[in-house]
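Peer 1: quick one, what's the 3D model for this:
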Amino acid sequence: MSGLKSTLVTAVLAAAVGAAAAWGAMTIQARQDRPADLHHLVHERLDLSPEQDRRLDEIEAAFAERRAPLEAEVRQANAELSAAIAASQGETPEVQAAVDHFHTAMGDLQMATIRHVFEMRAVLTPRQAEEFDRAVVETLRADAD
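Peer 2: Numbers count the residues shown, from 1 in each chain. Below you'll find the model as predicted:
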């Protein structure tokens with residue numbers, strides 16, 4: 001019976017680790033797609049002036065540099081969570097610390113993305129900003145459904 005219980009616990013932990021890793025990967029991918037969608041909207045539909053286009057390219061390049069280490073931190077936190085779950089027999093302080101690290105890393109990435117969106121918006125005219133805002137809201141609503 002002990003061998004069966006051990007196998008069952010291992011299977012449950014493996015499923016939990018797999019689910020956490022899949023969720024983390026999907027979340028990162030969704031966040032990566034959102035700036036690309038906004039990039040397309042801004043550069044293809046908003047009729048930018050050459051100066052706006054130049055400024056937005058600078059903003060996007062700076063954000064790409066900021067985003068890379070934040071995404072790496074999310075991946076690291078996800079790996080820590082996977083390891084903590086695999087090494088534990090339940091909810092432990094190590095699992096909670098790994099969950100907290102993951103939430104902090106995801107929150108930092110989300111806040112950087114939000115700041116980036118507002119930084120881009122500041123370059124736009126009021127009419128362009130209205131269309132941009134609609135696209136951002138639609139994207140967020142689609143993600144909520």
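Peer 1: and the strand or helix carrying Arg141, what other elements does it pack with?
Peer 2: Take DSSP states H and E as the rule and Arg141 turns out to sit in helix 126-144. Contacts defined by 3 or more Cβ pairs under 8 Å, 6 or more residues apart in numbering; DSSP states H and E place helix 126-144 against helix 2-45, helix 93-121. (C-beta placed from N, C-alpha, C; glycine too.)
Peer 1: which of those has the lowest mean pLDDT?
Peer 2: Across the helices and strands packed on helix 126-144, helix 2-45 has the smallest mean pLDDT, namely a mean of 52.
Peer 1: quick check: closest non-adjacent residue to Arg67.
Peer 2: Ala112 (6.5 Å; Cβ to Cβ, 6 or more residues apart in numbering).
Peer 1: and the one you found, what does it touch?
Peer 2: Shown in contact with Ala112 (Cβ atoms under 8 Å, 6 or more residues apart in numbering): Phe63, Arg66, Arg67, Leu70.
Peer 1: what are the buried residues along the helix or strand containing the third one?
Peer 2: When you say that, I think you mean Arg67. Using DSSP H and E, Arg67 sits in helix 50-87. In terms of neighbour count (16 or more other Cβ atoms under 10 Å), helix 50-87 has its buried residues at 52, 55-56, 59-60, 63, 67, 70-71, 73-74, 77-78, 80-82, 84-85.
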